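1. Dropping a prediction and its sequence here:
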Amino acid sequence: MTAVAIACALASAVFLAFGAQRQGSAVSADTGGLSLSSAGLGRLLRNPRWLFGLLLLGTGTALNVAALAMAPLTVVQPIGSLALVITTIVNSRDQGLRLNRVTVVSIVACVVGSMLFVLLAVGATRTEQVVEPRQEIVIVLILAVVVAFFGLLNLLFGKRLGAIAHILGAGILFGFVAVLTKTIAADLLDPNGRFLLNVPWYTIVGIAVAGGLGAWFVQSAYSSGPPDLVIAGLTVIDPMVGIAIGIGVLNELRPDVPAVLGVAMGVCAVIAIVGVVALSRYHPDVIKRREMNKRRQKPASTRTGATRKP
């Protein structure tokens, strides 16, 4: 079963990489580097390239779930991190970009930092943990605050938010989605035989709202940054948020964990996050978009100055 799980995880990384690249290129072509609008999202729903990317992403997600069902997280998660490497190679060739040294180092930091964080977390947490109703309520209440914060942020500064802000929002929201998916699965598998009746309505609402807002942030990130940055943010932030909720709310931390292990997890998390931030600033695609925005603004400022002359 482990061999099949590894094959599924490898296939998942490939599907996720190509799916992100297809969707990213479709959004970038539609928006021209500008912010994504609701009308633009409607056009994307009719865009064959974007829909093909959605199909690839859905297939990759399904394969990843299957891999997790057949093998431990320590086997599947490191393989899933390869999606970032594949996405970077595919996108750079598609866009004709030459990766600079900072980008390569940033990608290595993202992959290594997130892999080590997850591996250390698996050794520090308990896998067999029953989610109590009060814990489920706490998770949904925290999610409500997170949704309100990022929703208000999007309403007030939507067109001025950069790729890193969208990536942070998407990663945090999808981290909650992963945790709530776990709680729903536990509710459905409860031996009392009630299945869907075990799932609280607020959990369903929470996962739907978080998933919808997270998807919007992902598509907005595509319009302001390269697809490999999106994959980097999700593969780094998503599992970290899920593990943090598991430790802070679900009490999954083992009682015999040494302090040095917690410090090591913190260091790995910082390395991975610094990699994401550096990628958002020094990726060749980001630099190219930044220069294009400067060129757009320069004629506008020139025209403004010309009109003020007597």
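-> On my side now, so go ahead.

2. right, and the helix or strand after the one helix or strand Val14 maps to?
-> Taking DSSP states H and E as the definition, one finds Val14 inside helix 2-31. Scanning the chain past helix 2-31 towards its C-terminal end, the next helix or strand to appear is helix 38-44 (assignment: DSSP H and E).

3. Quick one: mean pLDDT over that following helix.
-> Averaging pLDDT along helix 38-44 gives 76.

4. Following that helix in sequence, what is the next regular element?
-> The C-terminal neighbour of helix 38-44 among helices and strands, as given by DSSP H and E, is helix 48-70.

5. How about residues contacting that following helix?
-> Contacts to helix 48-70, defined as C-beta atoms under 8 Å, 6 or more residues apart in numbering, come from residues 1-2, 4-6, 8-9, 11-16, 18-27, 30, 44-45, 76, 79-80, 83. All C-beta spots, glycine's among them, are computed from the backbone N, C-alpha and C.

6. what comes up buried for the helix holding Val14?
-> With burial defined by 16 or more other C-beta atoms under 10 Å, the residues of helix 2-31 counted as buried are 5-6, 8-28, 30-31.

7. cool, and stretch 260-278?
-> Per 16+ other C-beta under 10 Å, stretch 260-278 contains these buried residues: Met265, Cys268, Ala269, Ile271, Ala272, Ile273, Gly275, Val276, Val277, Ala278.

8. Redo these as a markdown table? Include pLDDT and distance to Leu119.
-> Written out in a markdown table, the entries for these read as follows (pLDDT from 0 to 100; distance: C-beta to C-beta, whole Å):
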| residue | pLDDT | distance to Leu119 |
| --- | --- | --- |
| Met265 | 89 | 10 |
| Cys268 | 92 | 9 |
| Ala269 | 90 | 13 |
| Ile271 | 93 | 13 |
| Ala272 | 90 | 12 |
| Ile273 | 90 | 17 |
| Gly275 | 90 | 17 |
| Val276 | 89 | 19 |
| Val277 | 87 | 22 |
| Ala278 | 88 | 22 |
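
9. can you pull the contacts of the most centrally placed residue in the chain?
-> With distances taken as C-alpha atoms, centre = their mean, the chain has Leu234 as the residue nearest its mean C-alpha position (2.1 Å). Taking C-beta under 8 Å, 6+ apart, we find Leu234 in contact with Ile167, Ala170, Gly171, Phe174, Val218.

10. what does Ala20 give?
-> Ala20 makes contact with Gly53, Leu57, Ala83, Thr87, Pro227, Asp228, Val230, Ile231, according to C-beta under 8 Å, 6+ apart.

11. let's see it at 10 Å
-> For Ala20, the contacting residues are 53, 56-57, 60, 83-84, 86-87, 90-91, 218, 222, 226-231, 234, taking C-beta atoms under 10 Å, 6 or more residues apart in numbering as the criterion.

12. and Ala208, which of the three is it?
-> Here Ala208 takes the helix state, with states given by DSSP: H, G, I helix; E, B strand; the rest coil.

13. mind checking how far the residue nearest to the centre of the chain is from Leu141?
-> 24 Å (C-beta to C-beta, to the nearest Å).

14. any idea how far Pro284 lies from Val270?
-> 25 Å.

15. Now do the helices in this structure.
-> Shown for the chain, the helices assigned by DSSP state H span residues 2-31, 38-44, 48-70, 73-80, 82-95, 101-124, 133-157, 163-188, 201-224, 227-248, 259-282, 284-308.

16. All set now, cheers.
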